[in-house]
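Novice: The sequence isn't on hand, but the structure is:
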């Protein structure tokens, strides 16, 4: 992103991020000196934790700011009359709904009277939220009571309920890095060429025996079905102040996306995609390793990196892993690991004493670089502190992993099976598997 294109507030936040990172590195070096002298100072460790948390908070804030700018830039231009008409429509709906509570049964709703009562109720409701029931005056308590439903529940003002606050979940963004294709059948087959043609030197009159012919194998990736079927009452869909159907659709799509990502990392291939971390691994080089077995480098310690010394860096295993790849793969490598693992890696230095982690500002937010390659947070990968964990992956994901889509998310809206309810039967068919087992490698945290 050109410097001139960075908004002032984002640039200021990124400057703060860099200062926090420098402070963090100072605390790391201070702690290293203390360890060499025979112990760690609890105060320094606490300060290091504080700068770690500050760094993560700033990183999230920058990403949120940039996401907001992208949304604003991509928002379609709509005539102002649309917003005015929409506002008027929502205002009328709010007054009509409120009028139902205060109008005796059998009488028509007076929208003017309902609007005035709703204004009083809104003021009382705001006071109630700020001060509680004891903070209400007699008039405010009376105004609030008109919003009580026949079953005793308070009526929630429609304009207050236009937004639902979502809980944020972590996931592994496999679709952002792997290859994706769409098919029209239940599976797809890929020809796999792993053999070489043999050659030999001969003299002018030397016999020329037959050399071997390479064999081409087939790799089949089937698709599997993922489903959800939440339900809602028809009354809620009709009367709620929010778009409940749209909210449910969003929740289902989000959950399906997270579940899909989890299985693309960990799935066993039975009624679900086969995740790259579920394949057999070995410390065998590419030239002699069987297809479908992925290579790993071990740290030599259970649930830990190598111990730093004058001749050893915990980053050595990461460097070793990079050069396990043939040169053709190294142009497109990307790291994968969860945030606990990245938090540890961020403190590592190479043998020259330089930190191996770097944060850069990109068009989509903070880009985290380790030894010159981008790090993607995969929440589904194991913590490095787990014995035997495949805690870090490095891969050319486009070559290494294939996602197969049979169709997008499809939904059947069923108002008939359960009277009074609407079932939202949602399905998605997707598969996945390793396409090139030389393109994905791991660091394994084992002795």
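Specialist: In hand now; what should we look at? Treat the numbers as computed from the prediction; the structure is a model and nothing was measured.
Novice: how far away is residue 209 from residue 203?
Specialist: According to C-beta to C-beta, to the nearest Å, residue 209 stands 14 Å off from residue 203. Every C-beta, even on glycine, is put in place using the N, C-alpha and C of the backbone.
Novice: what does residue 12 give?
Specialist: According to C-beta to C-beta, residue 12 and residue 203 sit 75 Å apart.
Novice: again, but for residue 64
Specialist: 72 Å.
Novice: Which one's more surrounded, the two?
Specialist: Shown here are residue 64 and residue 203; by other C-beta atoms under 10 Å, residue 64 has more neighbours (12 against 6).
Novice: how much space between that one and residue 10?
Specialist: With C-beta to C-beta as the criterion, residue 64 and residue 10 are 10 Å apart.
Novice: Confirm residue 92 sits in a helix?
Specialist: Yes. Checked against DSSP: H, G, I helix; E, B strand; the rest coil, residue 92 lies within a helix.
Novice: I figured it hits residue 112, correct?
Specialist: No. Residue 92 is not in contact with residue 112 according to C-beta atoms under 8 Å; the separation is 11.6 Å.
Novice: burial count for residue 337?
Specialist: Using other C-beta under 10 Å, residue 337 has 28 other residues around it.
Novice: So in terms of bridging, what pairs with it?
Specialist: According to DSSP bridges, the residues that bridge with residue 337 are residue 377.
Novice: Please tell me how far it sits from residue 390.
Specialist: With the distance defined as C-beta to C-beta, residue 337 ends up 10 Å from residue 390.
Novice: can you list the domains in this structure?
Specialist: Split into domains by automatic domain parsing, the chain comes to 80-162, 174-197+214-338+378-447.
Novice: List the contacts of stretch 261-280.
Specialist: The contact list for stretch 261-280 (C-beta atoms under 8 Å, 6 or more residues apart in numbering) reads 171-175, 178, 224, 226, 260, 292-294, 378, 380-382, 390, 393, 395, 400-401, 403, 430-434, 437, 440, 442.
Novice: quick check: longest helix of this protein.
Specialist: Looking across the chain with DSSP state H, the single longest helix is helix 42-74.
Novice: For that one, which helices and strands make contact with it?
Specialist: helix 8-36, strand 365-370 (3 or more C-beta pairs under 8 Å, 6 or more residues apart in numbering; DSSP states H and E).
Novice: Tabulate these (a markdown table), appending mean pLDDT, distance to residue 304 and mean neighbour count.
Specialist: As requested, these are exported to a markdown table (pLDDT from 0 to 100; distance: least, C-beta to C-beta, whole Å; neighbours: other C-beta atoms under 10 Å):
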| stretch | mean pLDDT | distance to residue 304 | mean neighbour count |
| --- | --- | --- | --- |
| helix 8-36 | 89 | 15 | 15 |
| strand 365-370 | 93 | 18 | 18 |
